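Asker: how would this look folded up:
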Amino acid sequence: MNPLQDNINEAIKQMTDYLTANHKATAWQLKVMFRLSSSVLYLALGTLLAQQKITLDADGIDYHVTWGAEAVKKQAAEAANPFQPN
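Answerer: Predicted coordinates:
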């Protein structure tokens, strides 16, 4: 693997360990806590999102990251019925 892919994989491992224990964080918290570049942060979050391990909720310029099955179920329900009021 190349150095960028190694950095992304390490970030995924760190985020997985943290979110498994804490279930929620913001993207900014993860970036600062693990000293990640923006590119590595968003590529790692994108990988976890594609694997359906997290959900992302936009809040201004930040994202709330939620770990676990409940988060994935909530995201799937919202995607299935996007016009339902919250």
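Asker: Every contact and neighbour count from this point should use C-alpha atoms.
Answerer: Noted.
Asker: burial count for H64?
Answerer: A total of 16 residues lie near H64 under the criterion other C-alpha atoms under 10 Å.
Asker: For it, name its beta-bridge partners.
Answerer: For H64, the beta-bridge partners are T26, D57 (DSSP bridges).
Asker: contacting residues around it?
Answerer: With C-alpha atoms under 8 Å, 6 or more residues apart in numbering as the criterion, the residues that contact H64 are K24, A25, T26, A27, T55, L56, D57, A58.
Asker: The helix ranked longest in the chain: which residues count as buried?
Answerer: Across the chain, the longest stretch assigned as helix under DSSP state H is helix 3-22. Applying a neighbour-count criterion of 16 or more other C-alpha atoms under 10 Å, one finds N7, I8, N9, A11, I12, M15, T16, L19 buried in helix 3-22.
Asker: wait, isn't the last one in contact with Q29?
Answerer: Okay, so that is L19. No - counting by C-alpha atoms under 8 Å, L19 stays clear of Q29, with 11.4 Å between them.
Asker: picking up where we left off before, can you flag the buried ones in the contacts of H64?
Answerer: Members of the contacts of H64 classed as buried by 16+ other C-alpha under 10 Å are K24, A25, T26, A27, T55, L56.
Asker: Would you reformat these as a markdown table and include pLDDT?
Answerer: Below are the buried ones among the contacts of H64 laid out as a markdown table (pLDDT from 0 to 100):
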| residue | pLDDT |
| --- | --- |
| K24 | 94 |
| A25 | 96 |
| T26 | 96 |
| A27 | 96 |
| T55 | 91 |
| L56 | 91 |
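Asker: Need the pLDDT of E70.
Answerer: pLDDT, the model's per-residue confidence, is 67 for E70.
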